[in-house]
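**Q** Model the following, please.
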Amino acid sequence: MNEVDPQARLDIMVSAMLSCVACPLSENRQNVVPGTGPANANIMFIGEGPGANEDLQGYPFVGKSGRLLDELLNMIGWNRKDVYITNTVKCRPPENRDPFESELKICQENWLDPQIAVIQPSIIVPLGLHALQRVIPGMKIGDARGKTFSRNGFTIFPTYHPAAALRQKRYKEILTEDFKQLPSLINNILNKGLRTTVTPPTTDESHQINLC
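**A** The predicted model follows:
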């Protein structure tokens, strides 16, 4: 098989994702929400799941939480073109309920892990508890936020979901503090040549990269 460049590989994956019916979340969706950003992004943000606005538009973080995420990115001199943004599940859970464990597992095995393997981000930023649980099971977000962890060669830097900051002002202050650390963290990783290289899955290979 001829080697396919990461962007083409990611585009093929997204095309397949759009017709996914692997779990019950596909039954009531308006649109699949694969994620946005370049295949060579140094940083990957993972949220929980699409909400109503995301379901309608097919893009992640397009509501109030998304506007806050944009504000935080702009604060450190970045924008959405510089990063990859996705969710633990790619279809909206009914009534914005929490995704079930079975749904999370299916989506991680079929799509989230393969996305990570193709993009090979320098830093993965889980936004909130559900995203954190996909990469560091059992860890509490309050204990993990603002700290760095290593899993399967990837640097993990958890913080709160922007939605938390919309409910309580103190979380915005914490998010601001955490986001300010990101540029120096990435620079340190790139300067030390520590960017992860994980062989991306092909159509014949296992999709699981086992971050846990």
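**Q** burial of Ile46, as a residue count?
**A** 27 (other C-beta atoms under 10 Å). The C-beta positions use only the backbone N, C-alpha and C, and glycine is treated the same way.
**Q** Can you say which helix or strand has Val125 in it?
**A** Assigned by DSSP states H and E, Val125 belongs to strand 123-126.
**Q** which helices and strands sit right next to that strand?
**A** strand 43-47, helix 129-135, strand 154-156, helix 182-191 (3 or more C-beta pairs under 8 Å, 6 or more residues apart in numbering; DSSP states H and E).
**Q** who does that strand pair up with?
**A** With DSSP bridges as the test, strand 123-126 is paired with strand 43-47 (parallel), strand 154-156 (parallel).
**Q** Below-threshold pLDDT in the protein: ranges please.
**A** 1-3, 193-212 (pLDDT under 70).
**Q** which stretches of it form helices?
**A** 6-17, 52-57, 64-75, 101-107, 113-119, 129-135, 141-144, 162-167, 169-179, 182-191 (DSSP state H).
**Q** partner residues bridging the spatially most central residue of the chain?
**A** Centroid-nearest residue in the chain, with C-alpha atoms, centre = their mean: Ile46, separated by 2.2 Å. Using DSSP bridges, the beta-bridge partners of Ile46 come out as Thr86, Pro126.
**Q** What residues does it make contact with?
**A** By C-beta atoms under 8 Å, 6 or more residues apart in numbering, the residues touching Ile46 are 86-88, 112, 124-127, 131, 134-135.
**Q** rerun at 10 Å
**A** With contacts defined as C-beta atoms under 10 Å, 6 or more residues apart in numbering, the neighbours of Ile46 are 35, 60, 84-88, 112, 115-116, 121, 124-128, 130-132, 134-135, 156, 158.
**Q** Check Lys169 too.
**A** For Lys169, the contact set (C-beta under 10 Å, 6+ apart) is empty.
**Q** What distance do you get for it to Leu175?
**A** To Leu175, Lys169 is 11 Å away according to C-beta to C-beta, to the nearest Å.
**Q** What number of neighbouring residues does Met75 come out with?
**A** 12.
**Q** I should have written Gln168 there, sorry.
**A** 11.
**Q** Over to the one 5 residues further on?
**A** For Glu173, the tally of surrounding residues (other C-beta under 10 Å) stands at 11.
**Q** show me the contacts for it.
**A** By C-beta under 10 Å, 6+ apart, the neighbours of Glu173 are Ala165.
**Q** I'd say Leu104 and Cys91 touch.
**A** No. Under the criterion of C-beta atoms under 10 Å, Leu104 makes no contact with Cys91, lying 11.7 Å away.
**Q** Which residue of the two possesses the greater neighbour count?
**A** Per other C-beta under 10 Å, whichever of Leu104 and Cys91 has more neighbours is Cys91, with 28 against 21.
**Q** Contacts only, for the more buried one.
**A** Listed by C-beta under 10 Å, 6+ apart, the contact partners of Cys91 are 17, 20-33, 49-50, 54-55, 99, 103, 107.
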